[in-house]
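Trainee: here is my input; please provide its structure:
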Amino acid sequence: LRLTHAAPLPGVARPRAIGVDDWAWRRGRAWGTLVVDLDRHRAIDLLPDRSSATFEAWLRSHTDLEIVARDRSTGYARAAQAVVPRAQQVADRWHLLLNARQMLERWLVGAHARLRALPVPTGSAAPVRDHAFPRSRTDQAAAREAQRWRAVRHAEVQRRRAAGESIMAIARAIPLAPGTVRRYASMDGAPEGGQRRIGPSQLDPWLSHLERRRAEGCENGLQLLRELRELGYAGGSRQIHKWLQSRRTKLAITTPRRWRDAVPVVTGPGSTGLPARRARLPGSKVLAWIMTLAPDRLSPTDGALLARIVQDPDTATLHGLVQRFVALVREAGTKGNGSSAHGIRRLEAFEAWIVEAKASGIRAAQTFASGLVVDAAAVRTALTTPWSNAQAEGQITKLKSIKRLMYGRAGFDLLR
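Mentor: As a prediction, this is how the structure comes out:
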C-alpha cells in the first residue's frame, strides 16, 4: 500500500461523455457514486455519496459535458439538468428493461390469486413435468400449516388496511416487514409458498410413454419400470413412483391404512376419490421473467406457463405491451440513429406505445408510461443513439474487487 500511494497518478483528460452510477460502500447502508469517461473507457472519479448535491458540485467543474448517461435515478437527472442543461441525458437501456420487468412483478403480485385459478390449457406439446416430485407427508403437512398462517396474516392485513391503518402501523401491530405488508395489501388472495425448483430427472426422456400408459389405465409402478427398462431407462423405481403419486386416479394397493383414512375423499360426479391436484403457478418474479423473454427463447415449460396466464385478458394486454417495449429497447443502438429512417420509426413506435399503454386501463402500465414521459428526453436519446451506461456497471464490478483489498472506506483516497 505504501508503494501504491507513492506511485504518481496518470493525468486525466477533460471528459466529453460520462456515465454515472451509484455503488455500495456497505450494501444497503453507505453509498457512493462512480463517474466513468465513456470515450476513454475508464473510471475518472469516486464521490463519497450518491446525493444530488454532491453530483452537482462535481458537475460545476465539468460544465463542458455533452453526454450524461445514467440509470433512472431522478437525483442524477436533476443535478445534470441544473448544471449542464445543454448536455444530452441518456437513460440506460438495461435499466429500462429492468423497470419494465419490475412493473410486471408488482402487477403480478396483485393478480396472482386469479391467475392461479386459471385452467391449464391442453395442447399438443410434448409432456413436461410441471411440478417437482412431491415431498414427504410430514413436509407436506408443515407446508399446509405455513400456508394457513399466510392466509391468516393476509386476512388481517386486508382487514386493517380497509379500516384505514397505514402500512407502518400494520407492520408494527402484526408484526411483519413493511414490504410484506404492502405486498399482502395489494393481493386479491392469500399468497402461496414458493414453488420448488424443477430439476432434471432421468424420467424426462420417457414422459411421453408414461403419460400414454397412464391414459390407458396402467398405474402399476413396477410394470411401468419394466417397460421403461426395455426402452433403455437406466434409473430405479423411486422416481416412477414419485411421478405416479400425484397422478393416480385411485389409491395404490400398497397404501397403508393410516394414510387411506387420512386422505380426504372428494365426492361428486366424475370424482376419483382423491383430492384434485391444482396446478401450481410460479411466483411473480418467475412469471415476469417469462413475460419479458422473446418467444424464440421460451422453453416448452415456460411456453406452457405463458399460455396459461395469458388466458386472463389483462395479462394478455400487458404481455403484448411489454413484448413491444422490450423489442423496441433491444433494437436501439443497433440500427441507425435519430436522423435515420430506423431512428425515426423507433421514435414513432415509442410515442404510439405510450398512447396505447395509457389507454390500456391497467394501472401498472399507465404508471410506467407516465414515468417514461417524465424522462422522455433521456429515453428518446437512449432509443436513437449508441450511448449507454454499461461501462459504469462494468467498472463497479471491478471496484467491488478493489474495495475488498482496500479495507472499505479506509482506501477511499487510494481508489480515487
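Trainee: for the longest strand seen in the chain, output the C-alpha coordinates as PDB.
Mentor: The residue-count maximum for a strand in the chain (DSSP state E) belongs to strand 17-26. Output in PDB follows, covering the C-alpha atoms of strand 17-26 (Å, rounded to 0.1, in the frame of the first residue of the first chain):
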ATOM      1  CA  ALA A  17     -19.200  11.900 -22.300                       C
ATOM      2  CA  ILE A  18     -19.700  10.400 -18.900                       C
ATOM      3  CA  GLY A  19     -21.600   7.600 -17.300                       C
ATOM      4  CA  VAL A  20     -22.700   7.900 -13.700                       C
ATOM      5  CA  ASP A  21     -24.000   5.200 -11.300                       C
ATOM      6  CA  ASP A  22     -24.200   4.500  -7.600                       C
ATOM      7  CA  TRP A  23     -22.400   1.700  -5.800                       C
ATOM      8  CA  ALA A  24     -22.400   0.500  -2.200                       C
ATOM      9  CA  TRP A  25     -19.500   1.000   0.200                       C
ATOM     10  CA  ARG A  26     -21.600  -1.100   2.600                       C
END
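Trainee: may I see the buried residues of it?
Mentor: 17, 18, 19, 20, 21, 22, 23 (16 or more other C-beta atoms under 10 Å). In short, each C-beta sits where N, CA and C put it, glycine included.
Trainee: now swap in stretch 34-53 and tell me
Mentor: Quick answer for stretch 34-53 (16+ other C-beta under 10 Å): 34-38, 43-47, 50-52.
Trainee: let me know the average pLDDT across it.
Mentor: Stretch 34-53 carries an average pLDDT of 90.
Trainee: what residues does that stretch touch?
Mentor: Residues outside stretch 34-53 that contact it (C-beta atoms under 8 Å, 6 or more residues apart in numbering): 12-13, 15-23, 30-33, 54-55, 58, 67, 69, 73, 75-76, 78-79, 387, 391-392, 395-396, 398-399, 412, 415-416.
Trainee: filter the residues you listed to the buried ones?
Mentor: The buried subset of these - by 16+ other C-beta under 10 Å - is 15, 17-23, 31-33, 54-55, 58, 67, 69, 73, 75-76, 79, 387, 391-392, 395-396, 399, 415.
Trainee: in helices, which of the residues you listed appear?
Mentor: Among the buried ones among the contacts of stretch 34-53, the members falling in helices (DSSP state H) are 54, 55, 58, 75, 76, 79, 391, 392, 395, 396, 399, 415.
Trainee: pretty sure the second one contacts residue 76?
Mentor: Yes - checked against C-beta atoms under 8 Å, the pair residue 55 and residue 76 is within contact range at 5.9 Å.
Trainee: quickly list what's touching both of those two.
Mentor: With C-beta under 8 Å, 6+ apart as the test, residue 55 and residue 76 both reach residue 20.
Trainee: for the stretch 101-250 of the chain, give me the ranges with low pLDDT.
Mentor: 122-137, 193-200, 246 (pLDDT under 70).
Trainee: quick one: the strands in it, in order.
Mentor: Shown for the stretch 101-250 of the chain, no strands are assigned by DSSP state E, counting those that start in this stretch.
Trainee: surely residue 45 is within a strand?
Mentor: Yes - under DSSP: H, G, I helix; E, B strand; the rest coil, residue 45 falls within a strand.
Trainee: middle-most residue in the chain, spatially?
Mentor: The chain has residue 285 as the residue nearest its centroid, 3.9 Å off, counting by C-alpha atoms, centre = their mean.
Trainee: excluding chain neighbours, what is closest to that one?
Mentor: residue 105 (5.8 Å; C-beta to C-beta, 6 or more residues apart in numbering).
Trainee: how about residue 62?
Mentor: Per C-beta to C-beta, 6+ apart, closest to residue 62 is residue 15, 6.7 Å.
Trainee: follow-up on the earlier one: show me the contacts for the residue nearest to residue 285.
Mentor: Residue 105 sits next to 284, 285, 288 when contact means C-beta under 8 Å, 6+ apart.
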